[in-house]
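Engineer: Quick one: sequence and predicted model below, then my questions.
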Amino acid sequence: MTTEAFVGRVYLERGGGGSPETYTRVCEVFGISGVGEVAEQIDSTTFCSGGVREYIAGLADGSEITVEANFIVDSEARRNMIADAKNKLVVSYRLVVDDDGDDVTDLTMWFRATALGGEFAPSGEDKNAINYTLKISGEIDITEP
């Protein structure tokens, strides 16, 4: 086990449907905002709470994710992700982590997400990019070897 931080070696893969589900790595991705879920806070204070508020966790809500990618004109992944948003699809994704660079997956986060949109970010001075917005639907499953 290592306690050292690492850079990169985290990959987003998009499910293609079918049974069993097949995944394709989206290699043009260079940034992903936080992938997670947070439970809402429900006030459960009663007359017997001794003058202090008490809370319980409510339903978990998946995060809204921004996926930043290089804009590649002939990218099949770009076409598929834009089509997902236009068709308002819920798609399977997985985030694959290889923390020690040995090409063996060390952790996988499996989730489904609603495709909310895609936004082209052209630039005259930097790389052209596209940002996708996804909303996690349901829970996130985490597997480790």
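Structural biologist: That came through fine.

Engineer: can I assume residue 82 sits in a helix?
Structural biologist: Yes - under DSSP: H, G, I helix; E, B strand; the rest coil, residue 82 sits within a helix.

Engineer: Show the pLDDT at it.
Structural biologist: At residue 82, the predicted lDDT confidence score is 96.

Engineer: separation between the residue nearest to the spatial centre of the chain and residue 16?
Structural biologist: Centroid-nearest residue in the chain, with CA atoms, centre = their mean: residue 35, separated by 4.7 Å. As for residue 35, its distance to residue 16 is 20 Å (criterion: CB to CB, to the nearest Å). For glycine as for every other residue, the C-beta is placed from the backbone atoms N, C-alpha and C.

Engineer: how close does the nearest residue to residue 34 once chain neighbours are set aside sit to residue 140?
Structural biologist: Once its chain neighbours are removed from consideration, residue 34 has its nearest residue in residue 63; the separation is 5.5 Å (CB to CB, 6 or more residues apart in numbering). Separation of residue 63 from residue 140 (CB to CB): 9 Å.
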